[in-house]
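In: take this sequence and fold it.
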Amino acid sequence: GAAAAGVDVGDGAATAAVRMAGLAARDVLRLEAGLCLYGNDIDESTSVVEAGLVWTVPKTRRTRADFIGAPHFVHQHDVKPSATTRRRVGFVGGDSAIARHNAKLYATGDASDDALVGVVTSGAPSPTLGKPIGMAYVDKAVRKAGTTLYADVRGRRHAVTIAKMPFVPSRTRAAPKEAPAAAPTKPQSPSSPAAGAAGTPTA
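Out: Presented below is the predicted three-dimensional model:
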């Protein structure tokens, strides 16, 4: 590691084009990318279907159903989709209030309406978007992008809007493919027709 190699990370940050970053910065990056954090957004109580991670199970594996939890997956995805009542969604805050882990979501801003429609699993300010973002599990009936819900933040309800993820599109590019190496050419003898065509005098 850096300590074993005798590298002073602090000095390096002070002298090079480097910025110190902690867990919060990493958390914001994965949240902007719409990536789940185990223990927050997924755990033993969530299914692949509920979490919107069906794309992680190749079609060949779905057909063979030879993985742990396959019967549960097939039941929710193919046999009875109505067996799941919630979905993981992204949301964007309408003001500066940040709805964080375990914040409750309601269908209205009326404090007397205690009908819960979801729970926040992750939330943070997005430097890229300039507004709060987060993830939550919500009732399927309110999961569509553009739906307005209300998050309870320190006893007050703040409007949030269901949004598609990733919040910030990926800008990564595949490495360019190298052109195949040209086949070595065989040297031409001076008396060959090719040599004459190239301008070598012939008889």
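In: what's in contact with the longest strand seen in the chain?
Out: The residue-count maximum for a strand in the chain (DSSP state E) belongs to strand 116-126. Residues outside strand 116-126 that contact it (Cβ atoms under 8 Å, 6 or more residues apart in numbering): 24, 27-28, 31-32, 37, 40-41, 86, 88-89, 98-107, 131-139, 141-142, 149, 151, 167-168. From N, CA and C alone the C-beta is placed, and that goes for glycine too.
In: what subset of those is buried?
Out: 28, 31-32, 37, 40-41, 86, 88-89, 98-101, 103-107, 131-139, 142, 149, 151, 167-168 (16 or more other Cβ atoms under 10 Å).
In: out of those residues, which sit inside helices?
Out: Of the buried ones among the contacts of strand 116-126, the ones assigned to helices by DSSP state H are 28, 31-32.
In: now those in CSV, with pLDDT and distance to Met20?
Out: Output for these, formatted as CSV (pLDDT from 0 to 100; distance: Cβ to Cβ, whole Å):
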residue, pLDDT, distance to Met20
Val28, 95, 15
Leu31, 97, 20
Glu32, 97, 19
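In: out of those residues, who's nearest Ala115?
Out: Nearest to Ala115 among those, counting by Cβ to Cβ, is Leu31 at 27.0 Å.
In: the nearest residue to Ile98 once chain neighbours are set aside and Ser96: what is the separation?
Out: Closest residue to Ile98 apart from its sequence neighbours, by Cβ to Cβ, 6 or more residues apart in numbering: Pro132 at 4.5 Å. Using Cβ to Cβ, to the nearest Å, Pro132 is found at 7 Å from Ser96.
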